[in-house]
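*Asks:* Below are the sequence and a predicted model; questions follow.
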Amino acid sequence: MSLQNHAQNHAQSNVQNNALGQNSYHNGQALWEELLPSGHHWSGRVQRGTVLQFESLGKHANVSLFCVNAADKLERFNMPDSLKGQHTAYLSTGHVLYSDLGRVMASIVRDDHGWNDAMCGPSTPAQIAKQFGTQRFQDARNAMYRNGVESLLIEMTKFSLSASDLTATVNLFSKVSPNDAGELSYIDSDNTGNVLELRFEMDCLVFLSNAPHGLDRSETYAPADIQMKLFKANALAEQDVCRDSCQQNQNGFANNARYYALQGAY
């Protein structure tokens with residue numbers, strides 16, 4: 001499938017979702033909700049068959065997401081395979097997050113922003129210090145300036161994971177663009193009210209950092225608060241926006257079916 005056709009399919013699916021009240025992939029009844037405040041981090045186990053919703057409550061939204069198989073932490077999100085297999089340079093509606101074993105970890109069933117960076121990784125301490133300066137816990141307490149890498153590692157240590165386990169992330173709500181020299185730049189946009197929904201196809205340990213993107217050139221450190229909600233996913237329809245967006249995704253879902261059938265849990 002060409003990128004042009006894929007983009008057209010994305011647009012059509014968004015129109016369909018709007019017509020259905022944006023609830024076509026879950027039942028609309030939140031099982032749980034929590035605010036992810038500006039600059040904070042979070043982790044938890046998200047079960048297969050649920051939809052995790054992120055809503056940006058402000059302009060400068062960026063949530064760096066990393067996930068692993070909850071049943072086997074050696075199986076992790078694989079950025080190169082996710083982009084290569086779906087012939088894309090970014091992730092949005094209709095795309096999935098692949099593991100390094102060719103299985104689908106989560107599907108992006110709704111994305112109001114339309115572009116999620118998967119190339120730049122989480123922001124580093126040096127990037128945040130260079131752009132915003134330093135605000136330490138001793139002086140600012142919870143208003144300290146956090147970065148993506150250290151925030152994710154704090155959460156990962158709670159599950160006996162370390163820096164050697166952290167690979168690429170998906171930077172939700174963030175768009176980057178190259179110039180003629182191949183240099184990437186952050187594209188500023190107002191994300192207020194944008195919603196992104198991830199339908200989980202595998203039980204995952206999910207790690208989140210709500211720190212600025214590493215290429216963000218905002219004058220002040222002010223990442224948006226993010227409202228998170230969890231819903232029960234609807235059963236897969238005969239046609240699915242993610243599974244059927246390309247042949248590779250159909251293969252990935254088949255790999256999931258085999259994986260859970262052999263575990264006796266499908």
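*Replies:* Structure received.

*Asks:* All the strands of the chain, residue numbers only.
*Replies:* For the chain, the strands defined by DSSP state E occupy 32-36, 41-46, 50-56, 63-69, 72-76, 96-98, 104-111, 170-172, 176-178, 184-186, 195-200, 204-209, 226-232.

*Asks:* quick one, which of those is nearest to residue 240?
*Replies:* strand 104-111 (7.9 Å; C-beta to C-beta). C-beta coordinates here come from the backbone N, C-alpha and C atoms, glycine included.

*Asks:* just checking, what packs against that closest one?
*Replies:* strand 50-56, strand 63-69, strand 96-98, strand 195-200, helix 247-262 (3 or more C-beta pairs under 8 Å, 6 or more residues apart in numbering; DSSP states H and E).

*Asks:* which of the residues in it are buried?
*Replies:* 104-111 (16 or more other C-beta atoms under 10 Å).

*Asks:* okay if I get those as CSV plus distance to residue 234?
*Replies:* Listed next are those as CSV, based on distance: C-beta to C-beta, whole Å:
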residue, distance to residue 234
104, 17
105, 19
106, 15
107, 12
108, 16
109, 10
110, 13
111, 18
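
*Asks:* out of these, who's nearest residue 204?
*Replies:* Using C-beta to C-beta, these come closest to residue 204 at residue 105, 5.7 Å.

*Asks:* correct me, but residue 116 touches residue 191?
*Replies:* No. With contact defined as C-beta atoms under 8 Å, residue 116 does not reach residue 191; the gap is 11.2 Å.

*Asks:* Determine the residues that are contacts of both of those two.
*Replies:* Applying C-beta atoms under 8 Å, 6 or more residues apart in numbering, one finds that residue 116 and residue 191 are jointly contacted by residue 173.

*Asks:* Count the residues that sit near residue 216.
*Replies:* Look at residue 216: counted by other C-beta atoms under 10 Å, it has 21 neighbours.

*Asks:* Got the phi and psi for it?
*Replies:* phi -60, psi 130 (degrees, to the nearest 10).

*Asks:* ok, the closest residue to it other than its chain neighbours - contacts?
*Replies:* Among residues not flanking residue 216 along the chain, residue 186 sits closest, at 5.2 Å (C-beta to C-beta, 6 or more residues apart in numbering). With contact set as C-beta under 8 Å, 6+ apart, residue 186 has these partners: 174-176, 213, 215-217.

*Asks:* repeat that with 6 Å
*Replies:* Residue 186 makes contact with 176, 213, 215-216 under the criterion C-beta atoms under 6 Å, 6 or more residues apart in numbering.
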